[in-house]
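Q: Provided below for reference: sequence and predicted model.
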Amino acid sequence: MWVCQEGKCVKQPLDRDMTPQGLQACKLVCDTYSTLWPRPRGKVELGRILAPINYNSITITGTSGDHRALSKNVGQFFNIAADTFSNQLTTLFKKREQRPSDGKSLQVRVTIRDSYTRALKIGSDESYELYISEADTEIQASIISTEFFGARHGLETLHQLITFDDVTDSLVIMRDVNITDSPAFPFRSLVLDTARNYFSVASIKRTIDGMAASKLNTFHWHLTDSHSFPFQSQTYPQLSLYGAYTPQQIYTPQDILSVVEYARARGIRVVPEFDAPAHVGEGWQWAGPNVTVCVNAQPWINYCVEPPCGQLNPTNDTVYEILGGIYHDMFALFEPDIFHMGGDEVNFGCWRSSPEIVNWMTSHHLGQTDDDYLQLWDIFQKRAYTKVVEANGGKEIPIVLWTSHLTAQGTVDKYLDNKTYIIQIWTKGSDKVIAELINKGFRVIFSNYDALYFDCGFGAWISEGNNWCSPYIGWQKVYMNNPYTMLTDLGVDISPGTEARELVLGAEAALWSEQVDESSVDGRFWPRAAAMAERLWSNPDEGWQKAEYRMLAHRERLVRQGIQAEALEPQWCYQNEGSCPE
Amino acid sequence: PCAVCRVADSLWTWACEAQHCVRREPRGDRISLATCRMMCGAVPLWPRPTGVADFGLQSVPFRLLVLRLEVRSSQVRRLLEQAFDVFRGNLESLVPDSSTEDPGGRSLSEFVVSVEVYSADRDPLLTLGTNESYLLVVRHTGAGKLRADVRAQTFFGARHGLETLSQLVWWDDSTLRVLTSAHIRDAPSFPHRGVLLDTGRNFLPLRALRAAVDGLAASKLNALHWHISDSHSFPFDSPHVPSMVRHGAYSPDETYSTRDVADLVAYARVRGVRILVEVDAPAHAGNGWQWGRNLSLCLNRQPWNVFCEEPPCGQLNPDSERVYSVLGNLYLDLVYLTNVTDMFHVGGDEVNLHCWAIELGGQIAHQELMANAVVLWSSQITSSHYAHMYLEPRVYVIQTWSASSGQELLQAGYRVILSHRDVWNLGCGFGFGNIHGACAAVASWQTVYQHRPWSELELRALVLGGEACLWGETVDEHSLDARLWPRASAFGERMWTDPEGDDLTLREAHGRLAVQRERLVARGIRADALWPQWCDQNPDDCLEPLETS
């Protein structure tokens, strides 16, 4: 049995004079924030008393603010959230016959004031309140939120306050709970690259499960790259016909729709990326000469950062026609509130290798310097953006671009407009350009590679030694990667109320897939992505040390839900809190 | 709505040009990538055979049901039948779930696998002296008839022959296909080719250990060094000392019964692998020993960094007669269960002098077992200053885990097993203590593969082999596969084939290892990806350009 002493669960021999308690139950009452992950940011009152509940007697009802039924749209999501909640409870006991029927019934009442909004956008209200109290015959839990997303988060929190006590063989819930909660950052995201290697829809949905369990809210889908084109376009089906690794390794419109709906029901938006004008190659072979340039060119090192090379030809009109079709197909399926246009790692050597481009430059009074090619890129970006707006029914839409030459120091406001463009930072957290971006009024997303590139540390796949961004990044470093601290260190005033603070949308952990496919994707993301999730949701003042035991508990929770998360420490450390300081 | 939804066949075909598969738009008959890779350049066997390996340029489709085993050595009939079932299962795993076999016309009507083992031993056990060589001949014996002859001194050689034969078979879009002519003579470069797994830090269920054995078998590794306990936990339910598991297991579900151990031993034997269990002592022994007074000292003591290398601390009490009798009983259980009698691992690493002074060692193991190879981790006691005072070279084998070469030990006449931790510790680089010095970086498969310490060592004959070690601090069953594979496969070829360590050899290995990784995934092992799939399809375009001199 385990006893809570000074905030730590301590293993002890069974003692007849004490009410015995298993490790899970002890962890639920012992830590300041129970085993909640991410920990709530507002009021947290926990009764620290566990009440047994009857698994067979749990009811979940949802109503709108004026006590009416939820709209059909939100009601459908609500039902999925309620089912997910119930299914998660069954993962708490290993064997079916353990399903405990002693204890009180549990009544969960969910109130969603705005019962119509079903898609997340910047500015969505993700907050919720959660109350748990004990009545004569039942435990009552009530969740109140403005929009569906908050209610879903509330159910996630409620689930985390229930566990199976294997010493008393009972399903127990924390009593007397009063929580108000909302995220610190509106954009909490993962990016998965499904072009270097293919990932099945099942593995993508599993990733989304982990995100939902950790209250992340954005799945950025890097669908294509120079390596492959698995997105099946209805306008140009040749793209995946030529560009998919095999005919089976594609994402059909049905696949995409099922992922987008699956994510929405879990409070997650899917942001599609069509990376251009670099990172393009496979799939475009049919489009005719000079649409793409330097495709698979060798020696690749002269034309791109990794094989295979390939870039769009910005001077060719066919490029924009095809882009328009791709954007159109993507908008129809994803209905995005933010679109990602990539824009990283353009190699001017590639463009310079094309006589057609060189001639075009000359006839348009441009030279051959990097500055001239930056202008060419700018022309591409503006023309491509008009195609995006067309695809969006003529409406403007926020665009994310990676940091690049285009966003370099002294350059960014020359080419990009801060109303439209959100800049995703992938350089180090100490890069001075970050301060400049903020000072020039750009909204930013942090994906600083020194803390958020989860592919770092493995072998250099095309040569010996380790990859460029080694070493492997431990969860502690991910946890401590605080956007506000980085900006403060760069001399930016981000005190509450400043415009600078509002410009920081959040962060995104990246999994570039050169050395990972669905066989090991879970272990690369989890539990490290959850460490980022608490940074972005709770943004705690304390260091990772205070979060260690909750982190271990959350990792176990992810595993229970079918995610093959990595182990962080010997199990002995999980059972002997406070005995394994690094 | 979608005009060309899922189509069955790829647009692309592959052509063999200058010994390399090159992707092309099709003209005439399509050749799949899988077929091209088997027929073009070196046949992608892993590990590469060390002797003659000649192949014909023809292949033929066949159905699984035409496969037949012919046992020519009744003394090991049962083992051969089991090994054949494994072989057959490996072929079956190549057929995608979504497909059914459709070999079309001109497929084989008969595919006989004939196995002959010369040794009369009816109950063969793998030892350091086992002859693991084999001869494999594949040939047509008439229209539609194929025959594969496997000849070996021992069952274990025959098993390796079947593994090689399974690698001559591939899935070609709609059917299994096999090379119709092959002549291979093969034998390993080292007798001890091991992987260490640690179930003391984190528990690994039996299914995870079996999957690891599957991976070992696929790369002709022959020893699973099972570091079964540590100071953290003691999951082995010893019949002689039942108190150990009661006090030492993480939970009653996280234990190994004698049945579990025996099952794993049998499972591994059929796959050419032996199980070498280590109950580490005198250090790395703590939880599990609480049941007796003063059996383990400094148990869970804090501050741990004074008393041990990592928490929790615990070392056996060398003054306690009881400790020796308990160890003796545990050893008896393990020898009985594993049937390993020529070799025994007694642990012996990281003895902390602040806990108590040197001694103990493995005399007891030697006395109890009469093994002629008692394996001991390198430590203070194996250093050149002390080794000869305590350790008899005819008895003790030293497993070196430091980053140094081991030359001193060889010169002192010790046999060694090499596990240099800067390259062959697969647990390095993932945090939790493993962040400094020699263990700071993840060893890539290339690093694992290129390491060839004996090329600089004298007295190579005393090198029994090596082990890739996966210590368990940051791994349990959920990421075990990806930590091990394909890096341990790379290690497997280093130990079996021991190819030259030059860049051209490494370059050549990329494509073959990628094929081996696909075999592992097909067999249900969730191995890490080596590179983008694009590189499988365009193998020569993915590597650093060759320097032309």
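A: Received, thanks.
Q: going forward, measure contacts between C-alpha atoms and count neighbours the same way
A: Will do.
Q: show me how chain B divides into domains.
A: B:42-186, B:192-537 (the TED database).
Q: nearest to chain A, out of those?
A: domain B:192-537 (4.3 Å; Cα to the nearest Cα).
Q: centroid residue for chain B?
A: residue B:216 (3.1 Å; Cα atoms, centre = their mean).
Q: identify the residue nearest that residue in space, chain neighbours excluded?
A: residue B:222 (6.8 Å; Cα to Cα, 6 or more residues apart in numbering or on different chains).
Q: burial count for residue 294?
A: Just so you know, I chose chain A. 25 (other Cα atoms under 10 Å in any protein chain shown).
Q: to clarify, I was referring to chain B.
A: 17.
Q: right, and it touches residue B:318 too?
A: No: counting by Cα atoms under 8 Å, residue B:318 is not a contact partner of residue B:294; they are 10.0 Å apart.
Q: re earlier: okay, the residue nearest to residue B:216: pLDDT?
A: For residue B:222, the pLDDT comes out at 98.
Q: how about it, what does it touch?
A: By Cα atoms under 8 Å, 6 or more residues apart in numbering or on different chains, the contact list for residue B:222 reads B:192-194, B:216, B:272-274.
Q: element containing the residue nearest to residue A:415 when sequence neighbours are not counted, please.
A: Distance criterion Cα to Cα, 6+ apart; nearest residue to residue A:415, sequence neighbours excluded, is residue A:378 at 6.3 Å. Per DSSP states H and E, residue A:378 falls inside helix A:370-391.
Q: okay, now the sheet partners of the helix or strand following that helix, with direction.
A: Next in sequence after helix A:370-391, counting helices and strands by DSSP H and E, comes strand A:399-402. Paired with strand A:399-402 in the same sheet, following DSSP bridges, are strand A:339-342 (parallel), strand A:421-425 (parallel).
Q: generate a markdown table for these, with mean pLDDT as supplementary columns.
A: What follows is those, written out as a markdown table (pLDDT from 0 to 100):
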| stretch | mean pLDDT |
| --- | --- |
| strand A:339-342 | 98 |
| strand A:421-425 | 98 |
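Q: these two touch, right, residue A:14 and residue A:20?
A: Yes: using Cα under 8 Å, residue A:14 is in contact with residue A:20, at 6.9 Å.
Q: neighbour count for the two, which is higher?
A: More crowded of residue A:14 and residue A:20, by other Cα under 10 Å: residue A:20, with 18 against 13.
Q: so for residue A:14 and residue A:20, which residues contact both of them?
A: Counting by Cα under 8 Å, 6+ apart, the residues touching both residue A:14 and residue A:20 are residue A:1.
Q: quick one, phi/psi of the residue lying closest to residue B:145 once chain neighbours are set aside?
A: Nearest non-adjacent residue to residue B:145, counting by Cα to Cα, 6+ apart: residue B:110, 4.9 Å away. Dihedral pair for residue B:110: phi -150, psi 130, per degrees, to the nearest 10.
Q: report the buried residues of whichever strand or helix holds residue B:305.
A: Under the criterion of DSSP H and E, residue B:305 resides in helix B:304-307. For helix B:304-307, burial by neighbour count (16 or more other Cα atoms under 10 Å in any protein chain shown) applies to B:304, B:307.
Q: then stretch B:276-294?
A: So, applying 16+ other Cα under 10 Å, buried residues of stretch B:276-294: B:276-290, B:294.
Q: name the SS class of residue 491, please.
A: No chain was given, so I picked chain A. coil (DSSP: H, G, I helix; E, B strand; the rest coil).
Q: ok, it to chain B distance?
A: 31 Å (Cα to the nearest Cα, to the nearest Å).
Q: now do residue A:277
A: The value you get for residue A:277 to chain B, if Cα to the nearest Cα is used, is 20 Å.
Q: which one is that residue nearest to, not counting chain neighbours?
A: residue A:312 (5.0 Å).
Q: from chain B, how far out is that neighbour?
A: For residue A:312, the distance to chain B - Cα to the nearest Cα - is 19 Å.
Q: which residues touch that residue?
A: Per Cα under 8 Å, 6+ apart, neighbours of residue A:312: A:276-278, A:280-281, A:291-293, A:319.
Q: phi first, then psi, for it.
A: Residue torsions, per degrees, to the nearest 10, at residue A:312 are phi -70, psi 150.
Q: so what's it bridging to?
A: Bridge pairing for residue A:312 - DSSP bridges - gives residue A:292.
Q: picking up where we left off before, give me the number of residues near the residue nearest to residue A:415?
A: Around residue A:378 there are 17 residues (other Cα under 10 Å).
Q: same thing with residue A:412?
A: 21.
Q: correct me if wrong: it contacts residue A:404.
A: No: here residue A:412 does not reach residue A:404: they are 9.3 Å apart, not a contact under Cα under 8 Å.
Q: per-residue confidence at the residue in the stretch 301-450 of chain A positioned nearest to chain B?
A: Across the stretch 301-450 of chain A, the shortest distance to chain B (Cα to the nearest Cα) belongs to residue A:307, at 5.8 Å. Predicted confidence (pLDDT) for residue A:307: 93.
Q: now swap in residue A:537 and tell me
A: If you check residue A:537, the pLDDT there is 98.
Q: please apply the same query to residue B:6.
A: So residue B:6 comes in at 47 (pLDDT).
Q: ditto for the one 4 residues further on
A: Among the per-residue scores, residue B:10 holds a pLDDT of 81.
Q: and residue B:144, by the same measure?
A: For residue B:144, pLDDT reads 95.
Q: which SSE is the closest residue in space to it that isn't next to it in sequence in?
A: Excluding the flanking residues, the one nearest residue B:144 by Cα to Cα, 6+ apart is residue B:108, at 4.5 Å. Using DSSP H and E, residue B:108 is not contained in any helix or strand.
Q: phi, psi of residue B:108?
A: phi -70, psi 140.
Q: again with residue A:111
A: Per degrees, to the nearest 10, the backbone of residue A:111 is at phi -120, psi 120.
Q: and it, what are its bridge partners?
A: Bridge pairing for residue A:111 - DSSP bridges - gives residue A:63, residue A:144.
Q: just to revisit the earlier point, need the strands paired with strand A:399-402 in a markdown table with mean neighbour count, can you?
A: Below are the strands paired with strand A:399-402 laid out as a markdown table (neighbours: other Cα atoms under 10 Å in any protein chain shown):
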| stretch | mean neighbour count |
| --- | --- |
| strand A:339-342 | 24 |
| strand A:421-425 | 24 |
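Q: figure out which of those is closest to residue A:518.
A: Taking Cα to Cα, strand A:339-342 is the member of the strands paired with strand A:399-402 nearest to residue A:518, at 23.1 Å.
Q: residue B:446 against residue A:466, yeah?
A: No: contact between residue B:446 and residue A:466 fails when scored by Cα under 8 Å: they sit 9.6 Å apart.
Q: who's more crowded, the two?
A: residue B:446 (24 against 21).
Q: tell me how far the residue nearest to residue A:415 lies from residue A:275.
A: From residue A:378 across to residue A:275, the span is 15 Å (Cα to Cα, to the nearest Å).
Q: check residue A:53 too.
A: 50 Å.
Q: show me where pLDDT drops low in the chain?
A: Here I'm looking at chain A. A:95-96, A:98, A:582 (pLDDT under 70).
Q: wrong chain, I was asking about chain B
A: In chain B (pLDDT under 70), the answer is B:1-8, B:352-371, B:433-436, B:545-549.
Q: chain center to the longest helix anywhere in it, what's the gap?
A: Counting by DSSP state H, the longest helix found in chain B is helix B:503-522. Relative to the chain's own centre, helix B:503-522 is displaced by 16 Å; criterion: Cα atoms, centre = their mean, to the nearest Å.
Q: then stretch A:314-330?
A: 28 Å.
Q: does any bit of that stretch sit next to chain B?
A: No: counting by Cα under 8 Å from any Cα of the partner chain, no contacts exist between stretch A:314-330 and chain B, the nearest distance being 11.6 Å.
Q: many thanks, I have nothing further to ask.
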